Structure formats: C-alpha cells, structure tokens
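1. This is a predicted model, with the sequence first.
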Amino acid sequence: MKKKYRLKKSHDIEKVVKSKKSVGNKYYAIYYMSNELPYPQIAISISRKFGNAVKRNYHKRVVREIMREFLKEIPNYAILIVVKKMAEELSFQEKKEQIWQLLKKLSKQEKGV
C-alpha cells in the first residue's frame, strides 16, 4: 500500500474514532468517516497485548496487503482498522474474507443513512 493511502497523524485517527461510525466482528473493528480526498486513507491499530512486536508487525503487514487489493473498491473514507486477538487464528484467505465482509457492511451502512 502506498504511503499516500496511510492515515498517520494521531489527531486524524482520533477524529475517526470520535465520529463513532463503526462496523465490526470478533476479528476486526473498522472505524470510518468521510474523507474529502479523492482516495481512502487507512490506519491499522493492534494492541500491545497481541504477542510480541514481530507478531504485531506481521499482522499489520497482512492487513495492509489485503487493503491494497481493495483500495479501488472502497469509498473515499478515513478508515481505522483495529485488529483483535481472535484474528490470530485465521488463515490469510479467512482474514481477507472477514475484512471484505466488513467493508461490504460499511458501504451498506453508509448507503442506508
């Protein structure tokens, strides 16, 4: 995923969380808010309780790779993906399916509003 798609600033991430728009399951939680940019921005968060740094970085890389494939299909939002401990049990393909389900749920939720 290119750097322009990353949401880096802590105050921007805080705004996304405070918008209180979210979808989730037992593996991931996705917070989002509309973005005035012509492309989505994504941040990934994972708790320190989730193994050691090597494991956390691995899971962030996996989520980044999955999101890279979906960038063209998701609307222009600022998105924060929170990886939960249960995600450790999933294979790559299952992680991809879970994230895709949440992104579909997100778009349905926005169209319904």
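-> Looks like it came in fine.
2. pLDDT score assigned to residue 55?
-> Note for residue 55: predicted pLDDT of 93.
3. next one: residue 113
-> Predicted confidence (pLDDT) for residue 113: 58.
4. Same check on residue 33?
-> Looking at residue 33, its pLDDT stands at 92.
5. Excluding residues flanking it in the chain, which one is nearest it?
-> Distances taken as Cβ to Cβ, 6 or more residues apart in numbering put residue 19 closest to residue 33, at 3.9 Å, once the chain neighbours are dropped. Just so you know, the C-beta spots here come from the backbone N, C-alpha and C atoms, and that holds for glycine as well.
6. That neighbour touches residue 30, doesn't it?
-> No. With contact defined as Cβ atoms under 8 Å, residue 19 does not count as touching residue 30 (11.9 Å).
7. Of these two, which one has the most company?
-> More neighbours surround residue 30 than the other of residue 19 and residue 30, with 21 against 15 (other Cβ atoms under 10 Å).
8. Could I get the phi/psi values of that one?
-> Main-chain dihedrals, residue 30, degrees, to the nearest 10: phi -120, psi 120.
9. dump the residue contacts of it.
-> The contact partners of residue 30, by Cβ atoms under 8 Å, 6 or more residues apart in numbering, come to 22, 23, 24, 79, 80, 81, 82, 102, 103, 106.
10. Repeat the analysis, applying 6 Å as the threshold.
-> 23, 81, 102 (Cβ atoms under 6 Å, 6 or more residues apart in numbering).
11. Brilliant, that's me finished.
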